[in-house]
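*Asks:* Structure, please.
(2 chains)
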Amino acid sequence: MTSRRGSHSPAGFGKSLPERGLLLLVLLVLLEGSVLPLGAAGSPDTSHHTKAGNSAGNGTGNVTHKKAFPVLSLDYHHIQTPFEISLWVLLASLMKLGFHLIPRLSGIVPESCLLIVVGLMVGGLIKLAGEEVPPVLDSQFFFLCLLPPIILDAGYFLPIRPFMENLGTILIFAVIGTLWNAFFIGGLLYAVCQIQPANPSNLHQLELLPCLLFGSIVSAVDPVAVLAVFEEIHINELLHILVFGESLLNDAVTVVLYHLFEEFSEVGTVTVLDCVLGIISFLVVACGGVLVGAIYGILAAFTSRFTSHTRVIEPLFVFVYSYMAYLSAEMFHLSGIMALIACGAVMRPYVEANISHKSHTTIKYFLKMWSSVSETLIFIFLGVATVDGKHDWNWTFVTVTVILCLVARVIGVVGLTYMINKFRIVKLTTKDQFIIAYGGLRGAIAFSLGFLLKKELFPLREMFLTAIITVIFFTVFVQGMTIKPLVELLAVKKKQEAKRSINEEIHTQFLDHLLTGIEDICGHYGHHHWKDKLNRFNKKYVKKCLIAGERSKEPQLIAFYHKLEMKQAIELVESGGGVKMPSAMPSTVSMQNIQPKKPPLAKPVERALPQLPKGREEEIRKILRSNLQRTRQRLRSYNRHTLVADPYEDGLGDLLIKKQKMIELEKKIKDMNNYLTVPAAPPDSPTMCRARLASDPQAYHTKSVSDSVPAIQVDLASPQSPDSVNMMDEFRRAGQQQQQQEDQGLTMRPPSRPGEAGGARDPQKLTRCLSDPGPSADEEEDEPFLEEAKGD
Amino acid sequence: MGSNSSNMNHIPDGQQLLQDTGFSAAQIIRLYERFEFLDKDNTGHLRPEDLETVPDLDMNPIGARIIGAFFPPGKETLDFGSFVRILAHFLPADSNRTRAGAQQEPANSTTGKLRFAFQLYDQDRDGKISRDELLQVLRSMLGLQVTEEQLQCIAERAIQEADADKDDAISFDEFRKSLEKVDIDHKMSIRFLR
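*Replies:* Got it, this is the predicted structure:
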């Protein structure tokens, strides 16, 4: 699952001391969690007394005789609610830790299953302790607190391009597929319930409308479950976006159907007018949700334009605006999920152009963190609620439900694909269809919706809940566990993990223009035509409003190129320390050109660039070009569990050794340069030593690339990938800071002898904008450089 | 069927085109209508000026190149057959019907599509995209928004990345390789209305 885990976890499992300690800690937390409600129940019901220092036995009337001043007392009620919430969150996080320490288990069983099992255990523990299980999966809590982070995370990082390209397919699956599922399941269930004339059970009192309502609840594919399972199997982008997009967009359908049937269950009959109103309602819910989200997204983008002086609260705007979009949509009973997705997707390109890269990192990490915790909590609570709920197990109902769900899904997918394939350029194969059908997992949303049903209107509520839980368990456990081996077995195309190269970017844009032109010649207003129009509109009007400063005019290709160059530059400087790249000269020239408005004094990064004659320059470029030839593209999968697959952590040792060789090469170059009278320091400069010591000694093997040519690993970021780094502002900031304060930040001196002409090279200055590579890399790599600076 | 074939009769080379390209009869008829619409002076041939009247094409950064692709050097006019054959590059690849006597490489296969795109870069037809040609393309796409040095950097970097045989130019194979992750069939296909 996570490649990084492999290098960190010890060979055996669970038996080493720290792991035993961890397991012990987990057990303690569990016990504490179950014992405390006991303790709380023991004390009398004086939850709102805030007299400090009072002992538990309070409430002895108004006679106050003087007691000894209590030095230490226990007042659990004071902090009960936040304490329990924190306890749950802590439990969830520890569980997550635990799973990743057990190597084989997480490869076989998806995390969601394990979490549900944990929830079951915790629920069992609490019940054993005789306590009442807290109603954790309270619908209010679920829909307002647990669900939004996951959806926002999904929406903010939604790959827009494949989503838009497949929008038609996704909509058809979401809308028509869900409708089909709901009516098929509901209708057939009703029929089945009626067919037992011999022994009339309480099934007979089940009306058609409640059945349809049940069908609509249980038919919706759940985004949380889909995300949890699909993230681990790494299938290709098309299938991922199809199933995931469907799970997001069917929220509108579910909302409408749910409210529709709920309303009419009270009345008991449905007329044609109601159906028409239902359809209109669907359009309102869907489009309204998207509109609300888009409005908030634009507001957020506009706000971010002005945050250049208060960088610290930038992430806050993103989160608050998105959450408000969700709440506003829910206020009108519009589709909150669609609002959230629209908000995230709309604001992202503009916000990312405006905010600092630290804020970008913050947003990314916070979203991942919240959504991760939320997801964990949801699954645990699902387990707890299962143990807790009053269940009404009815064999017929439950088994028929499960079977119908499967059958309906398969028929729906096959039928719809047949229709869709007539309009698609790239057809969906049988394998694709199988994965789409198999990936239709149900999850906690279905449960919460069922939970919301009122007992008075739906006397068979418990039966419904039992059936829903069974379906959820079935899909998550059976389908979730087997989908990975099936994907392997069927040899479904996996996700292509390499990042985009600049060639790809150039050619893709070129092809876009080409196709637009051909479409114009044919007079065919297709896909490309509208996309081109939208792009032009975006560039002309929208970007000017929403993006601050001169970034608004920057074409996408340039932004992409700069990201690549920045990443490369940082990487080189970070690892090599003082190695200057003459072939980077053009890029520094270009970087200076980016800021036409800045005063001529500012240089974003002061590189020590000796003035070389033209011929030498060419020679150097040739030599270094042959080194830069090997731009090895890293394979990184974007996965919530690994978060930012840190390009700098692994293989840094390789880089260092290769940098060493580069420095030797530099020596030769310097010999050609008649500025310097003294040759450069030997490769094992203090910088290198310290850097090497600090980095992970394990990752210290060098791949045998050709021995004479040191290869440089360059990680190429794509603008769409979540790893893309927004370096622009930091460097500009660096430039500004350079002006203001001379001695700020790191100073890296290239290895120099005292006798060397000091004027030939100014010390390179780098501000601490190197904080983006993951947290651990931060501590490791920045330390030696800091020491270096202090040592000077 | 009957009406189609009778309509096809007044299309020059209609049957031949049906066989050579992957278009259906309905598509060819529709393309012929478009051809006649573009051919303002009804000569049965298109000239570059006719194509330039297409709206939005002048806003396209590589519009001139695309028009140039229809008119290979030396030819000033474009007849319907050539028009259709060029557009055949943009058919989705799976609409290939097995035809007797098909050429070895149908125009709308991935290779065919890529070759068409390659020729748009490679104006001097020497089989390679030189740095200058790449620079020209970049200049036209990025326009006046960037400086010359930036363009140089990008071109430099692009060639470094793609150039495997180090001849300072991008050959067709290198071009194809750099696009191997892109779904060309999807990206370079137009859904011609039936």
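*Asks:* List the contacts of the helix or strand A:Ala228 falls within.
*Replies:* For A:Ala228, the element it lies in under DSSP states H and E is helix A:223-233. If you take CB atoms under 8 Å, 6 or more residues apart in numbering or on different chains as the criterion, helix A:223-233 is touched by A:1, A:110-112, A:147, A:150-151, A:154, A:240, A:243-244, A:247-248, A:251, A:337, A:375, A:378-379, A:439, A:441-445, A:472, A:475-476, A:479-480, A:483-484, A:487, A:639-641. C-beta coordinates here come from the backbone N, C-alpha and C atoms, glycine included.
*Asks:* Grab the CA positions of that helix and hand them over as CSV.
*Replies:* Taking Å, rounded to 0.1, in the frame of the first residue of the first chain, the C-alpha atoms of helix A:223-233 are listed here in CSV:
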residue,chain,number,x,y,z
PRO,A,223,-18.4,8.7,-2.0
VAL,A,224,-16.7,8.0,1.4
ALA,A,225,-16.6,4.2,0.8
VAL,A,226,-15.6,4.6,-2.8
LEU,A,227,-12.8,6.9,-1.9
ALA,A,228,-11.6,4.6,0.9
VAL,A,229,-11.4,1.6,-1.3
PHE,A,230,-10.5,3.0,-4.6
GLU,A,231,-7.6,4.9,-3.2
GLU,A,232,-5.9,1.7,-2.4
ILE,A,233,-6.3,0.0,-5.7
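*Asks:* after it, next one along is what?
*Replies:* Sequence-wise, the next helix or strand downstream of helix A:223-233 (DSSP H and E) is helix A:237-267.
*Asks:* what inclination does the next helix or strand after that next one have with respect to helix A:237-267?
*Replies:* Scanning forward in sequence from helix A:237-267 by DSSP H and E, the next helix or strand is helix A:272-304. Computed with axes from the mean of the first three to the mean of the last three CA atoms, to 10 degrees, the direction of helix A:272-304 lies at 130 degrees from that of helix A:237-267.
*Asks:* got the buried residues for whichever helix or strand comes after helix A:272-304?
*Replies:* Beyond helix A:272-304 in the direction of the C-terminus, DSSP H and E gives the next helix or strand as helix A:314-331. The neighbour-count check on helix A:314-331 (16 or more other CB atoms under 10 Å in any protein chain shown) flags A:314-315, A:317-319, A:321-326, A:328-330 as buried.
*Asks:* now stretch A:481-495
*Replies:* Buried residues in stretch A:481-495, counted by 16+ other CB under 10 Å: A:481, A:483-484, A:486-487, A:492, A:495.
*Asks:* That stretch vs chain B: in contact?
*Replies:* No: applying CB under 8 Å from any CB of the partner chain, one finds stretch A:481-495 out of contact with chain B, separated by at least 10.6 Å.
*Asks:* Rounded mean pLDDT for that stretch, please.
*Replies:* Averaged over stretch A:481-495, pLDDT sits at 84.
*Asks:* Walk me through the domains of chain B.
*Replies:* In terms of domains, chain B is parsed into B:16-89, B:109-193 (source: the TED database).
*Asks:* got the end-to-end distance for the first one?
*Replies:* In this case it means domain B:16-89. With CA to CA, to the nearest Å applied, domain B:16-89 spans 16 Å between its terminal residues.
*Asks:* In TSV, list the buried residues of helix A:314-331 along with distance to chain B.
*Replies:* Putting those into TSV (distance: CB to the nearest CB, whole Å) gives the following:
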residue	distance to chain B
A:Glu314	27
A:Pro315	30
A:Phe317	29
A:Val318	28
A:Phe319	33
A:Tyr321	30
A:Ser322	32
A:Tyr323	36
A:Met324	36
A:Ala325	33
A:Tyr326	34
A:Ser328	37
A:Ala329	33
A:Glu330	37
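*Asks:* Please identify the one among those residues that lies nearest to A:Ser265.
*Replies:* Closest to A:Ser265 out of the buried residues of helix A:314-331 is A:Glu330 (21.6 Å), distances taken as CB to CB.
*Asks:* Take the domains of chain B and write them to a markdown table, including distance to chain A.
*Replies:* A markdown table is the format used below for the domains of chain B (distance: least, CB to the nearest CB, whole Å):
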| stretch | distance to chain A |
| --- | --- |
| domain B:16-89 | 4 |
| domain B:109-193 | 4 |
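*Asks:* closest one to A:Asn354 among the ones you listed?
*Replies:* Closest approach to A:Asn354 among the domains of chain B (CB to CB): domain B:109-193, 18.8 Å.
*Asks:* Could I get the average pLDDT for that closest one?
*Replies:* Mean per-residue pLDDT for domain B:109-193: 81.
*Asks:* same deal with stretch A:74-85?
*Replies:* Average pLDDT, stretch A:74-85: 87.
*Asks:* And the strands in the chain, which stretches?
*Replies:* Because you didn't say which chain, this covers chain A. For chain A, applying DSSP state E gives strands covering A:746-748, A:764-766.
*Asks:* try chain B instead
*Replies:* Under DSSP E, chain B gives strands at B:128-130, B:169-171.
*Asks:* possible to save those as a markdown table with mean neighbour count and distance to B:Arg47?
*Replies:* As requested, the strands of chain B are arranged in a markdown table below (neighbours: other CB atoms under 10 Å in any protein chain shown; distance: least, CB to CB, whole Å):
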| stretch | mean neighbour count | distance to B:Arg47 |
| --- | --- | --- |
| strand B:128-130 | 22 | 28 |
| strand B:169-171 | 22 | 32 |
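*Asks:* Spatially, and excluding backbone neighbours, which residue is closest to the spatially most central residue of chain B.
*Replies:* Taking CA atoms, centre = their mean, the centroid of chain B lies closest to B:Phe116, which sits 5.0 Å from it. Of all residues not flanking B:Phe116 in the chain, B:His89 sits nearest, at 4.6 Å (CB to CB, 6 or more residues apart in numbering or on different chains).
*Asks:* tell me the contacts of residue 117?
*Replies:* Just going to use chain A. A:Val117 touches A:Gly383, counting by CB under 8 Å, 6+ apart.
*Asks:* that's the wrong chain, I meant chain B
*Replies:* Neighbouring residues of B:Ala117 by CB under 8 Å, 6+ apart: A:507, A:510-511, A:514, B:188.
*Asks:* if you set the cut-off to 10 Å instead, what comes out?
*Replies:* A:507, A:510-511, A:514-515, B:69, B:89, B:175-176, B:179, B:184, B:187-188 (CB atoms under 10 Å, 6 or more residues apart in numbering or on different chains).
*Asks:* want to try JSON lines for those, with distance to A:Trp370 as columns?
*Replies:* Converted to JSON lines, these look like this (distance: CB to CB, whole Å):
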{"residue": "A:His507", "distance to A:Trp370": "38"}
{"residue": "A:Phe510", "distance to A:Trp370": "40"}
{"residue": "A:Leu511", "distance to A:Trp370": "38"}
{"residue": "A:Leu514", "distance to A:Trp370": "42"}
{"residue": "A:Leu515", "distance to A:Trp370": "40"}
{"residue": "B:Ala69", "distance to A:Trp370": "51"}
{"residue": "B:His89", "distance to A:Trp370": "48"}
{"residue": "B:Phe175", "distance to A:Trp370": "44"}
{"residue": "B:Arg176", "distance to A:Trp370": "43"}
{"residue": "B:Leu179", "distance to A:Trp370": "38"}
{"residue": "B:Ile184", "distance to A:Trp370": "39"}
{"residue": "B:Lys187", "distance to A:Trp370": "36"}
{"residue": "B:Met188", "distance to A:Trp370": "41"}
